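Undergrad: Got a sequence here, can you model it:
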Amino acid sequence: MLDELAWNANPVRRAGCGAYRWLSRRCFHETGTSLDNLSIREGSHTVRLIDGVMLLWWILTVPSFLFVAIDVQRTPAATVIKWAFIILVAFTGPIGAFFYVLGCREPLYGVHEEYVSVRWRQVMGSTMHCAAGDGIGIIVGAAVGAGLALNFWPDFLLEYTLGFGFGWTYFQAFAMRFMAGGSYRKSLRMTFLPELLSMNLLMSGMLLTTRFSMRAVEGGDDPTRPEFWFIMSMALIVGFAFAYPINWWLVANHMKHGMFTVRKEAVSALNGREPVTPMPAGPPPVQPGIRVKAAMTVLTFAILGGTLLVITQLAIR
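TA: The predicted model follows:
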């Protein structure tokens, strides 16, 4: 309290603060931009705050990616999980590397099974799998749509189709077909609804991030510029956060797998094929009834619909 009184009593500081407020109001009145968001001009070049943020992000992302790409090879996880972490860290940088260490990396040999059995780690693996598979399709769709200068709705449909199509048919059903006894057709049936629910939430988070960010950042809608890829990285992080709660429900209700362990010894014994995860003893896990599944489906589409409504009203030029 005394410090605040001393600050206000100082006429130089008071004049400085008053000048800043006057300049900020004048700047906003004339340019529509607050003083805090102004670029710094040096000679003929303009240095933007986001340029420094992006540079720092890429500097941190490179060693994070290399660490995970190398270290994950000794982690006793399924091949698709390893690739999912590598893909995710390529976009989420140090954040993805942190969650790899916290959620999947075996701290001591022989404890991975117990380590990943905690529910939140199981859900992290499930969400990460969705974000990597669906996320690739969404990002590719966004890049193609921007290159073709598509309007919002064709671009959205392209992103959704590629995201869900790749995430479901390959990253889930094909890569995880050993969970269905090796049958790809059965795996497609098993993974369709869980992947759809997770996709709707991931897409909602990514759409909100990309549409508002691209509107605010110059070059953000141009896939030939780094701003576009930085926004996509941030969008994938936000999409992950959006999809985490529904993946918790899916894992808790035995509709989606979480993190699990695949030892090299078991793979070698099966001539390079990853073993089918054994079912626990006793009756099979009970999934929710069709009404509950239908209600959750409606809920995720309602969230996606609300996202589209907000974007069409506020974020489309």
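
Undergrad: can we go C-alpha only for contacts and neighbour counts from here?
TA: Noted.

Undergrad: Okay, helices next: where are they in the stretch 201-317 of the chain?
TA: Counting by DSSP state H, counting those that start in this stretch, the stretch 201-317 of the chain has these helices, from start to end: 226-252, 264-269, 290-314.

Undergrad: rank the ones you listed by pLDDT, which is bottom?
TA: In terms of mean pLDDT, the lowest-scoring of the helices of the stretch 201-317 of the chain is helix 264-269 (a mean of 54).

Undergrad: quick one on the thing from earlier: could you dump the helices of the stretch 201-317 of the chain to CSV with mean neighbour count and distance to S117?
TA: Converted to CSV, the helices of the stretch 201-317 of the chain look like this (neighbours: other CA atoms under 10 Å; distance: least, CA to CA, whole Å):
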stretch, mean neighbour count, distance to S117
helix 226-252, 22, 12
helix 264-269, 13, 19
helix 290-314, 14, 25
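
Undergrad: I'd like those helices laid out as a markdown table, including distance to C130.
TA: What follows is the helices of the stretch 201-317 of the chain, written out as a markdown table (distance: least, CA to CA, whole Å):
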| stretch | distance to C130 |
| --- | --- |
| helix 226-252 | 8 |
| helix 264-269 | 24 |
| helix 290-314 | 15 |
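
Undergrad: Which one of the ones you listed lies nearest to Y184?
TA: Taking CA to CA as the criterion, Y184 comes closest to helix 264-269 out of these, the separation being 19.7 Å.

Undergrad: quick revisit: do you know which of the helices of the stretch 201-317 of the chain lies nearest G181?
TA: Taking CA to CA as the criterion, helix 264-269 is the member of the helices of the stretch 201-317 of the chain that comes nearest to G181, at 15.4 Å.

Undergrad: which residue is nearest the middle of the protein?
TA: Most central in the chain under CA atoms, centre = their mean is L236, positioned 2.8 Å from the mean C-alpha point.

Undergrad: Setting the sequence-adjacent residues aside, check what's closest to it.
TA: Nearest-residue entry for L236: M206, 6.0 Å, with adjacent residues in sequence omitted and distances by CA to CA, 6 or more residues apart in numbering.

Undergrad: same check, this time on R215
TA: Spatially, and ignoring its direct neighbours in sequence, R215 is nearest to A315 (7.0 Å; CA to CA, 6+ apart).

Undergrad: Isn't the one you found up against F212?
TA: Yes - with the criterion set as CA atoms under 8 Å, A315 and F212 qualify as a contacting pair; they are 5.6 Å apart.

Undergrad: Tell me where this structure has strands.
TA: 40-42, 45-47 (DSSP state E).

Undergrad: which neighbours do A315 and F212 share?
TA: Common neighbours of A315 and F212, counting by CA atoms under 8 Å, 6 or more residues apart in numbering, are absent.

Undergrad: Any buried residues in stretch 168-187, and which?
TA: 168-180, 184, 187 (16 or more other CA atoms under 10 Å).

Undergrad: Which of those sits closest to S64?
TA: F171 (22.9 Å).

Undergrad: Mean pLDDT lowest where, among the strands of the chain?
TA: Across the strands of the chain, the lowest-scoring stretch is strand 40-42, with a mean of 47.

Undergrad: For burial, what's the neighbour tally of the residue nearest to L236?
TA: The number of residues packed near M206 is 25, by other CA atoms under 10 Å.

Undergrad: so how far is F156 from it?
TA: As defined by CA to CA, to the nearest Å, M206 lies at a distance of 11 Å from F156.

Undergrad: what does A295 give?
TA: 24 Å.

Undergrad: ditto for G163
TA: Computed with CA to CA, the distance linking G163 and F156 is 10 Å.

Undergrad: ok, these two, which is more surrounded?
TA: Neighbour tally, G163 and F156, criterion other CA under 10 Å: the higher count belongs to G163, 26 against 19.

Undergrad: got a list of what that one touches?
TA: G163 sits next to G133, D134, G135, I136, G137, I138, I139, G141, M199 when contact means CA under 8 Å, 6+ apart.
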